[in-house]
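Engineer: coords below, sequence missing:
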């Protein structure tokens, strides 16, 4: 029995490249990097970040109904992206509030950007601090659920860097199993001093622009973003705009190391192979890979090793984290949006900043120039800590 097509009918996105699809596409097409240094007196000023240059006050003031002083940057970014997605998908109030509409989001940072506010507040309010609830990675979802009166299945996923890819996968599964009729899926993570210090402690932040798939790569740049997709089953009655199809997915866990991937690529290969099989495709059907590509020594080598073992040597791949930074829980959905834009425009966006490309077998290396390509299927990879690997197959919509 043929599976239902899971189509993307609405998109909302905000990243360091801009607000909305048009601004993000324009930056991709012009190879504009959204990563820059922050004006700060603290030690973090030595690191570049993919920051959204909108102040917290402006973000929160634009979020009608968000009045609590404990409202976080995560809350505001997710609200913006969610509103854009449901408007773009032309969802009615009845559809948003239907018990057959799921809202699956992702976050790892939560309200960590207000950890000092919480610390000061709990010294005064020893029994209860309003910042306690906002600290949770699920607080952004709860605010949206409350304001929009969402009654269907909801969940927040935290599997580190594969979080929003897993949110997309779960929403697609719910649709395929006919448990819901609409799934709003994606994720959010904002920059936070707490998070920055954590990644610096791991020794994987670089003080220069990140260079995924370069032999001299020194680490990643953190970024912030939020994005949501509106997913539906494709039917004859469904006349919505269709950006593309979530045609396959897989999640695996190699449990090799707390924060590293197995360098022989075996865990990654297992995930990619299962995703392609789930989409009823063959390896040769994939013409472009939006790689996880963080710019760290371990990740890039493991992923490129897996690619070289699975795909023919004409496969095209790049890392769009060189535009936005690593947006953590939002990375999977942000890169899914970029994959959809590439399929719609039949073009692929290069890895930026490469000077000395990492090459395996004298053949496999990331693309460094934007180019047009006739293709129908993209593989988007998202790999989290402890080897939690998720691969999505994103396909061009054809009647």
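Structural biologist: That came through fine. In this text the structure is predicted, and so the values were computed from the model without any measurement.
Engineer: Now do the buried residues in the helix or strand hosting residue 269.
Structural biologist: Using DSSP states H and E, residue 269 maps to helix 266-278. Going by neighbour count (16 or more other CB atoms under 10 Å), the buried part of helix 266-278 is 266-276, 278. (Each C-beta comes from the backbone N, C-alpha and C, glycine too.)
Engineer: One more: stretch 339-355?
Structural biologist: 339-343, 347-354.
Engineer: Save the residues you listed as JSON lines, and put in distance to residue 364 too.
Structural biologist: JSON lines is the format used below for those (distance: CB to CB, whole Å):
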{"residue": "339", "distance to residue 364": "20"}
{"residue": "340", "distance to residue 364": "25"}
{"residue": "341", "distance to residue 364": "24"}
{"residue": "342", "distance to residue 364": "20"}
{"residue": "343", "distance to residue 364": "22"}
{"residue": "347", "distance to residue 364": "21"}
{"residue": "348", "distance to residue 364": "15"}
{"residue": "349", "distance to residue 364": "18"}
{"residue": "350", "distance to residue 364": "15"}
{"residue": "351", "distance to residue 364": "13"}
{"residue": "352", "distance to residue 364": "19"}
{"residue": "353", "distance to residue 364": "19"}
{"residue": "354", "distance to residue 364": "14"}
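Engineer: Wait, residue 161 touches residue 381, no?
Structural biologist: No - applying CB atoms under 8 Å, one finds residue 161 not in contact with residue 381, separated by 10.1 Å.
Engineer: Can you check which residues contact both of these two?
Structural biologist: Common contacts of residue 161 and residue 381, defined by CB atoms under 8 Å, 6 or more residues apart in numbering, comprise residue 292.
Engineer: re the thing from before, just the buried residues of stretch 339-355 now: which is nearest residue 260?
Structural biologist: Proximity of the buried residues of stretch 339-355 to residue 260 (CB to CB) peaks at residue 351, which lies at 21.2 Å.
Engineer: so what pLDDT did the closest one get?
Structural biologist: On pLDDT, residue 351 comes in at 96.
Engineer: where's it relative to residue 25, distance?
Structural biologist: Distance, residue 351 to residue 25, using CB to CB, to the nearest Å: 18 Å.
Engineer: Residue 370 now?
Structural biologist: Taken as CB to CB, the span from residue 370 to residue 25 is 12 Å.
Engineer: ranges for the strands of the stretch 101-250 of the chain?
Structural biologist: Here the stretch 101-250 of the chain has its strands, by DSSP state E, counting those that start in this stretch, at 101-106, 154-157, 182-189, 225-233, 244-253.
Engineer: So if we follow the domain assignment, how does this structure break up?
Structural biologist: 6-233, 245-395 (automatic domain parsing).
Engineer: circling back to that earlier point, packing partners of the helix holding residue 269?
Structural biologist: strand 244-253, helix 297-310, strand 377-384, strand 388-395 (3 or more CB pairs under 8 Å, 6 or more residues apart in numbering; DSSP states H and E).
Engineer: at 7 Å instead, please
Structural biologist: strand 244-253, helix 297-310, strand 388-395 (3 or more CB pairs under 7 Å, 6 or more residues apart in numbering; DSSP states H and E).
Engineer: Most tightly packed of those?
Structural biologist: strand 388-395 (a mean of 27; mean count of other CB atoms under 10 Å).
Engineer: Mean confidence (pLDDT) on that strand, please.
Structural biologist: 96.
Engineer: quick one: strands adjacent to that strand?
Structural biologist: Paired strands of strand 388-395, with direction, are strand 244-253 (antiparallel), strand 377-384 (antiparallel) (DSSP bridges).
Engineer: coming back round to it: what's the angle from the helix holding residue 269 to strand 244-253?
Structural biologist: If you take axes from the mean of the first three to the mean of the last three CA atoms, to 10 degrees, helix 266-278 sits at 140 degrees to strand 244-253.
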